[in-house]
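Engineer: sequence and predicted structure below; questions after.
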Amino acid sequence: MLKEYFKDNLNSFQSKTEIQKLTFYPMMFQAARVMRITGILNETYINRHNGIDSEKIASKLNLPHYGVKVLLEVSLTIGLVFLKEEGKYCITKMGYLLLNDKATIVNLNFSHDICYKAMYHLEESIKKKKPIGLKEIGLDKYSTIYPGLSELPEPIKTSWFEFDHYYSDIAFPEALKIVFIDKPLHILDIGGNTGKWSMACCRYDKNVRMTIIDLPGQLDSAKENIEANNLQNRIFGKAGDVLSNNLKLPADFDTIWMSQFLDCFSEEQIVKILTNICNEMSVNTNVFILELFWDRQKDLAAAYCLHGISLYFSAVANGNSKMYHSKDFYKLIEQAGLKVVSDTDHVGEFHTLLKCKKVF
């Protein structure tokens, strides 16, 4: 069980080792990233059978020998390489993952491009409950990251969307099967972003219609993708603020979908959003919420990543949300007048899919 990790299980020696590693994490992170992007790590993979020395790598990549040697020695303690024999470096399993594992690469780019500089402002962000780090990605004119997503400069924009899509996309195939058990005809995709879910639904069932509700900037991006896939006759857009006191949803919907959406808001805002939605629902409406709960993960690595994302929310995204514990989230659903009628863990490995109904 995950809770077994959250105990004071380390002895004194282990504690000293881990805390010293923590003090140098930021530097080791950059060393690992540079090992990857310069091609040094790849050379240790190409020469994994016999090993390769630092001078040969430096010569092949036209890099200063000093820097190559520093990074290789540091990578020994990080765990990216090992010594096949004296002076001959080979890649480790961790190093291989850094080169090839999609989740690792997506997380690395997200942490570097969006979060790294912004984390310098974490203390101020926590104290003021505002995303002060937004200025590090050029969006300080906004109070949250969301209205400016379409304006993000490269490579920040690509890193953000690849991160967001990676975690949602892997959950979609299994989620589609669950959502379409009840054969929905009109789904509201709230916070539909680039329209990926709506397009997936249309490909899954030829009879379903979709309406995306999102901010104007996001709807423009979604519209381009929808037209490129020739789905404009089945997917429609409606600009709206889910926090508005006079939210009006389109008529005749039978299903509401929210994927990785509500974690972008504070607890108070989540209750307000769900209450607004609940007021527009009928007794037959299904509400599906796809979320990542840190307490529902299979292992510490997944929970660790989600807690890292909470820091992103604090310093960059909005200053007031996080990745939630499932029990806290269920209480918010109940406060809004809804009840969870079913939940499915590990959808696409990391997500939980909640099916909710209105309480009468």
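Structural biologist: Arrived safely.

Engineer: can you map out the strands along the stretch 1-150 of the chain?
Structural biologist: 81-85, 88-91 (DSSP state E, counting those that start in this stretch).

Engineer: ok, the stretch 201-350 of the chain next?
Structural biologist: So, for the stretch 201-350 of the chain - with DSSP E, counting those that start in this stretch - the strands run 209-214, 235-239, 255-259, 286-291, 338-347.

Engineer: what helices or strands is the third one leaning on?
Structural biologist: Just to be clear, that refers to strand 255-259. With contacts defined as 3 or more Cβ pairs under 8 Å, 6 or more residues apart in numbering; DSSP states H and E, the secondary structure elements packing on strand 255-259 are helix 172-179, strand 186-190, strand 286-291. For every residue, glycine as well, the C-beta is placed using N, CA and C.

Engineer: give me that answer again for 10 Å
Structural biologist: With contacts defined as 3 or more Cβ pairs under 10 Å, 6 or more residues apart in numbering; DSSP states H and E, the secondary structure elements packing on strand 255-259 are helix 156-169, helix 172-179, strand 186-190, helix 196-204, strand 209-214, helix 267-280, strand 286-291, strand 351-358.

Engineer: equivalent analysis for the last one, please.
Structural biologist: For strand 338-347, the helices and strands in contact under the criterion 3+ Cβ pairs under 10 Å, 6+ apart are helix 172-179, helix 267-280, strand 286-291, helix 326-335, strand 351-358.

Engineer: low-confidence ranges in the stretch 51-200 of the chain?
Structural biologist: Across the stretch 51-200 of the chain, not a single residue meets the criterion (pLDDT under 70).

Engineer: residues in contact with residue 284?
Structural biologist: With Cβ atoms under 10 Å, 6 or more residues apart in numbering as the criterion, the residues that contact residue 284 are 182, 254, 255, 357, 358.

Engineer: same deal with residue 326?
Structural biologist: With Cβ under 10 Å, 6+ apart as the criterion, the residues that contact residue 326 are 291, 293, 294, 295, 296, 340, 343, 345, 352, 354.

Engineer: ok so, going back, can you redo the strands of the stretch 201-350 of the chain as a markdown table with mean neighbour count and mean pLDDT?
Structural biologist: Supplementary listing: those in a markdown table, determined by neighbours: other Cβ atoms under 10 Å; pLDDT from 0 to 100:
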| stretch | mean neighbour count | mean pLDDT |
| --- | --- | --- |
| strand 209-214 | 24 | 93 |
| strand 235-239 | 18 | 89 |
| strand 255-259 | 24 | 96 |
| strand 286-291 | 23 | 97 |
| strand 338-347 | 16 | 96 |
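
Engineer: for residue 269, find the nearest of those strands.
Structural biologist: Within the strands of the stretch 201-350 of the chain, the stretch nearest residue 269 is strand 255-259; the backing value is 13.0 Å (Cβ to Cβ).

Engineer: what pairs with the residue lying closest to residue 46 once chain neighbours are set aside across the strands?
Structural biologist: With Cβ to Cβ, 6 or more residues apart in numbering as the criterion, residue 46 has its nearest non-adjacent residue at 7.8 Å, and that residue is residue 52. Here residue 52 shows beta-bridge partners residue 89, assigned using DSSP bridges.

Engineer: in contact with residue 52, which residues?
Structural biologist: For residue 52, counting by Cβ under 10 Å, 6+ apart, the contacting residues are 40, 43-46, 60, 72, 81, 84, 87-91.

Engineer: distance of it relative to residue 204?
Structural biologist: For residue 52, the distance to residue 204 (Cβ to Cβ, to the nearest Å) stands at 48 Å.

Engineer: fine by me, thanks again.
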